[in-house]
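Colleague: dropping a prediction and its sequence here:
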Amino acid sequence: MKIYEYIFAATVIVAILIAAIFLTGISPTLYGSTSRMEQLKIAAQKIMAQILLSPGDPSDWGENIAVKAESLSSFGLAVSSVFTRDAFVLDPDKVQRLSQDVSAQLYMPPSRVLELLNLDSDYGIKIEFIPALNISVSLEGKSATIKILSEQGAPASYVSVVAGAFHVQDGKIGFNVARLTDEDGDGICKVGFPFSPHLLIVIADHNGVQMAHVYSSNAYTGQLIGRFLLSPIKITGGSSLQVFAVRLPNGSLTLRNVVCNLKPWGYPVGNYNLYNVSHVEPNVIAVVTLNEDNNLIVAYKTVPKSYGSLAGEVYPPLAYMLERSVKIGLFTYTLRLRVWRMIE
């Protein structure tokens, strides 16, 4: 009987030795991975704080088209207005200059941002701007169907919608506003207009979470940066409307418009003609104007889906991700930041 006990004890000892050798072999790798992840976590937290809380230097670099990438000395997306004290409120003009849709002369390349964040080529980053509400529009003649989904893709039940519709008549811009409510709880609103819209600007409100969307069926599109309008074609200088959001006493938003003047300004910026807007309303969404053939031109602020040091979808094997809920102007987004080491 003792022989079996000795054999069992010897087997246990051998198993312990093998396990110890195995664990000794993998422990440096395990600890190394943990250490690298902790470094990525610290780096991601510092980057997120810089992006969300700093306006950059100069602080008006978003709206100031004279500030190019090489003349920026500090990077950040926070609003610089003394009237805004809330954290995580981002400047729509600064966010727009991260979009590849803007002129190359105004685009802020990721390589420059990495340099300003003191990351250079050691780290890679990807920033995603995820809208809290996804708005889709379909037009059929004089009727529009507006569908609202949550960030997770579920119908935004009992959502409230304001839709501003535009058309051209006798060389002038017509504007009509409709207020809608999703009464069936399926996130879908339908509306009819007395004319066939060429352009719709939609604001959706779902339990206090608000989002805007510009839908064009038959209009040229440009950009609106600060007090400047960038148009791919020449503007006549005639009828122009500035469309902006206004918060009502109950907290909901509506659309208003005011006539504005556009003045040619300096030289073209890349492939865009540059115009100065006579005045810019707070919470402006778009400027709608006409070309010489009385076709609609709409210029508005865009938010890129993603921005990063590598193009396309990036799934590095070891990365750290942070998310924050932010406001871009009046509207809610989730900002998702991924950080990874380029060289291990």
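Modeller: In hand now; what should we look at? Residues are numbered from 1 along each chain as shown.
Colleague: please make it C-alpha for all contacts and neighbour counts, starting now.
Modeller: Noted.
Colleague: tally of neighbours for the residue nearest to residue 54 when sequence neighbours are not counted?
Modeller: Using Cα to Cα, 6 or more residues apart in numbering and skipping the chain neighbours, the partner closest in space to residue 54 is residue 76 (4.6 Å). Using other Cα atoms under 10 Å, residue 76 has 28 neighbouring residues.
Colleague: from residue 95, how far out is residue 76?
Modeller: The spacing between residue 76 and residue 95, counted by Cα to Cα, to the nearest Å, is 10 Å.
Colleague: and what of residue 39?
Modeller: Residue 39 is 27 Å from residue 95, by Cα to Cα.
Colleague: of these two, who's got more company?
Modeller: Using other Cα under 10 Å as the criterion, residue 39 and residue 95 rank with residue 95 on top: 21 against 14.
Colleague: distance between the one helix or strand that one maps to and the chain's centre?
Modeller: Element membership for residue 95, per DSSP states H and E: helix 92-96. Distance of helix 92-96 from the chain centroid (Cα atoms, centre = their mean, to the nearest Å) equals 8 Å.
Colleague: list the buried ones in the following helix or strand past it?
Modeller: Next helix or strand after helix 92-96 toward the C-terminus (DSSP H and E): helix 110-116. Neighbour-count burial for helix 110-116, counted by 16 or more other Cα atoms under 10 Å, picks out 110-114, 116.
Colleague: tell me which of those is nearest to residue 126?
Modeller: Ranked by distance to residue 126 (Cα to Cα), these are led by residue 110 at 9.3 Å.
Colleague: go ahead and flag the most central residue of the protein.
Modeller: What sits nearest the mean C-alpha location of the chain, by Cα atoms, centre = their mean, is residue 303, with 3.4 Å.
Colleague: just to be sure, that one is in a strand?
Modeller: No: judged by DSSP: H, G, I helix; E, B strand; the rest coil, residue 303 forms no part of a strand; its state is coil.
Colleague: surely it meets residue 96?
Modeller: Yes: counting by Cα atoms under 8 Å, residue 96 is a contact partner of residue 303 at 5.5 Å.
Colleague: any residues in contact with both of these two?
Modeller: Overlap of the contact sets of residue 303 and residue 96 (by Cα atoms under 8 Å, 6 or more residues apart in numbering) is empty.
Colleague: show me the shaky parts of the stretch 201-344 of the chain.
Modeller: 237-238, 311-315, 343-344 (pLDDT under 70).
Colleague: what's the helix or strand hosting residue 256 in contact with?
Modeller: Using DSSP H and E, residue 256 sits in strand 253-259. Under the criterion Cα under 8 Å, 6+ apart, residues 162, 164, 177, 203, 205, 239-248 lie in contact with strand 253-259.
Colleague: could you redo the last one with a cut-off of 7 Å?
Modeller: Residues from elsewhere that reach strand 253-259, judged by Cα atoms under 7 Å, 6 or more residues apart in numbering: 162, 164, 240-247.
Colleague: picking up where we left off before, the residue nearest to residue 54: what secondary structure?
Modeller: On the basis of three-state DSSP, residue 76 is classed as coil.
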